[in-house]
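Peer 1: got a sequence here, can you build the structure:
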Amino acid sequence: MADLLRAWAYMEPLPGLPLTVDVGTSLLFHQIDPFHATPRNGHSNRSPSHGVGLRSVRHFLLDLVHDVAGFFRERPAFLVLLQRDMSDSAGDSGEQGCDGSVLLDDDGNFVGEKNAGPNANSLRGFEVVDTIKAAVEIECPQTVSCADILALAARESVALLGGPSWALGLGRRDSTTASLSGANSDLPSPASSIPQLVSAFAAKGLSARDMTALSGAHTVGQARCVNFRDHVNGDANIDASFAEQRRRSCPASGGDGNLAPLDEQTAGTFDNAYFQNLLEFRGLLHSDQVLYSNGTQESSLVQLYASDPSAFEADFAAAMVKMSNLSPLTGNSGEIRMNCRSVN
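Peer 2: You can find the predicted model right below:
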């Protein structure tokens with residue numbers, strides 16, 4: 001987490017946005033200064049030409065690492081949260097994008113995305129986001145959006161797990177609503193076919209190559225039995241011994257919440273073992289294993305990524321850049337939430 005917090009010292013602003021802002025607008029980061037806003041202690045440094053801006057805030061954030069022990073156990077959770085947040089059509093713009101909508105709890109105006117079929121009982125890390133946000137609000141109120149915290153946490157989590165980093169523009173604002181129906185309709189099902197996966201990602205401006213690389217995020221994390229039961233109990237494109245092993249904890253009925261690692265080789269490391277598993281027909285989800293089907297572009301990419309980890313990391317990072325820039329809320333759209341779980 002120290003790395004996560006230090007990362008705020010070299011972020012770049014979103015393309016086309018200014019480098020300096022006043023308190024109350026979205027926070028944009030300069031390559032040297034981590035913050036350009038006024039903290040509660042009254043020390044202001046809004047000019048990007050100065051390299052000493054808000055040292056007290058930076059030091060406070062670095063100290064926070066000692067108080068958030070759960071962060072290291074939840075690293076994969078941030079990547080899942082970010083990808084779910086960016087994949088649904090919700091929020092103020094009505095388009096998919098990183099707007100923090102997945103963080104919102106239900107309220108009287110909407111049912112949140114946490115209860116969507118693909119998300120229910122599977123998302124983690126909310127408490128860590130809350131802790132970071134609360135600490136930032138004390139020092140620099142209504143300046144750092146929940147969307148930016150989530151985007152940064154996901155990127156640094158991947159790096160801490162041994163994966164790549166990528167350029168990350170900041171300055172997003174938070175949505176003031178969420179969409180259960182949008183999450184249910186836009187998030188791919190674990191039973192999706194190749195045409196369904198390609199179509200779902202194409203709707204967001206992402207190619208089949210992007211989709212295959214982003215699927216490599218399943219090199220970390222776990223899945224619930226209810227999401228892989230049909231694959232291990234009925235599909236033909238699965239290694240027999242692997243299927244038998246998984247059926248022990250995920251029978252044809254019962255045990256819906258039982259967990260299994262998405263990558264049996266290196267579940268706690270971000271690497272290319274996920275694709276190696278697919279070559280051996282040991283993908284946990286149906287939507288994973290269908291990526292390796294004879295003669296498809298996706299199959300060729302699976303073979304490439306399985307043999308060349310650098311190619312996978314480069315394509316994954318490029319796809320994450322594209323996803324993180326999907327329809328961000330900026331300017332006067334949305335808000336900077338004071339609490340990531342509720343609108344202001």
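Peer 1: residue boundaries of the helices in the chain?
Peer 2: Assigned by DSSP state H, the chain shows helices spanning 2-6, 55-64, 75-87, 126-139, 146-160, 180-186, 194-202, 208-215, 225-234, 240-247, 273-279, 286-289, 297-307, 309-324.
Peer 1: weakest of these in terms of mean pLDDT?
Peer 2: Ranked by mean pLDDT, those end with helix 2-6 at the bottom, a mean of 39.
Peer 1: so residue 97 sits against residue 334, correct?
Peer 2: No. Judged on C-beta atoms under 8 Å, residue 97 makes no contact with residue 334 at a distance of 10.2 Å. C-betas here are computed from N, CA, C, even on glycine.
Peer 1: can I get the helices of the chain in CSV with distance to residue 340 and mean neighbour count?
Peer 2: Below are these laid out as CSV (distance: least, C-beta to C-beta, whole Å; neighbours: other C-beta atoms under 10 Å):
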stretch, distance to residue 340, mean neighbour count
helix 2-6, 16, 18
helix 55-64, 16, 17
helix 75-87, 11, 25
helix 126-139, 5, 19
helix 146-160, 4, 26
helix 180-186, 17, 19
helix 194-202, 26, 16
helix 208-215, 24, 22
helix 225-234, 26, 19
helix 240-247, 35, 15
helix 273-279, 30, 23
helix 286-289, 29, 22
helix 297-307, 33, 19
helix 309-324, 17, 19
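Peer 1: domain parsing of this protein, as residue ranges.
Peer 2: Using automatic domain parsing, the domain parsing of the chain gives 2-185, 206-322.
Peer 1: ok, residue 137 touching residue 338?
Peer 2: Yes. Under the criterion of C-beta under 8 Å, residue 137 makes contact with residue 338 at 5.9 Å.
Peer 1: okay, residue 122: pLDDT?
Peer 2: Among the per-residue scores, residue 122 holds a pLDDT of 67.
Peer 1: with the one 3 residues further on instead?
Peer 2: Per-residue confidence at residue 125 stands at 76 (pLDDT).
Peer 1: what's around it, how many residues?
Peer 2: Neighbour count for residue 125, taken as other C-beta atoms under 10 Å: 24.
Peer 1: what's the spacing between it and residue 154?
Peer 2: Noted for residue 125: a distance of 9 Å to residue 154, by C-beta to C-beta, to the nearest Å.
Peer 1: count of neighbours near residue 98?
Peer 2: As a burial measure, residue 98 scores 29 neighbours (other C-beta under 10 Å).
Peer 1: same question for the one 10 residues further on.
Peer 2: Residue crowding around residue 108 was assessed by other C-beta under 10 Å; the count is 4.
Peer 1: quick one: contacts for residue 202?
Peer 2: Residue 202 sits next to residue 208 when contact means C-beta atoms under 8 Å, 6 or more residues apart in numbering.
Peer 1: check residue 274 too.
Peer 2: Residue 274 makes contact with 215-216, 218-219, 262-263, 283, 288, according to C-beta under 8 Å, 6+ apart.
Peer 1: skipping its backbone neighbours, what lies nearest it in space?
Peer 2: Nearest in space to residue 274, with sequence neighbours left out and distances taken as C-beta to C-beta, 6 or more residues apart in numbering, is residue 219 at 3.9 Å.
Peer 1: isn't the one you found up against residue 268?
Peer 2: No. If you go by C-beta under 8 Å, residue 219 and residue 268 don't touch, sitting 9.7 Å apart.
Peer 1: more neighbours, these two?
Peer 2: Just comparing residue 219 and residue 268: by other C-beta under 10 Å the higher neighbour count belongs to residue 219, 29 against 13.
Peer 1: residue 309 versus residue 324, what's the distance?
Peer 2: 22 Å.
Peer 1: looking at the contacts of residue 274, which is nearest residue 313?
Peer 2: Using C-beta to C-beta, residue 216 comes nearest to residue 313 of the contacts of residue 274, at 8.8 Å.
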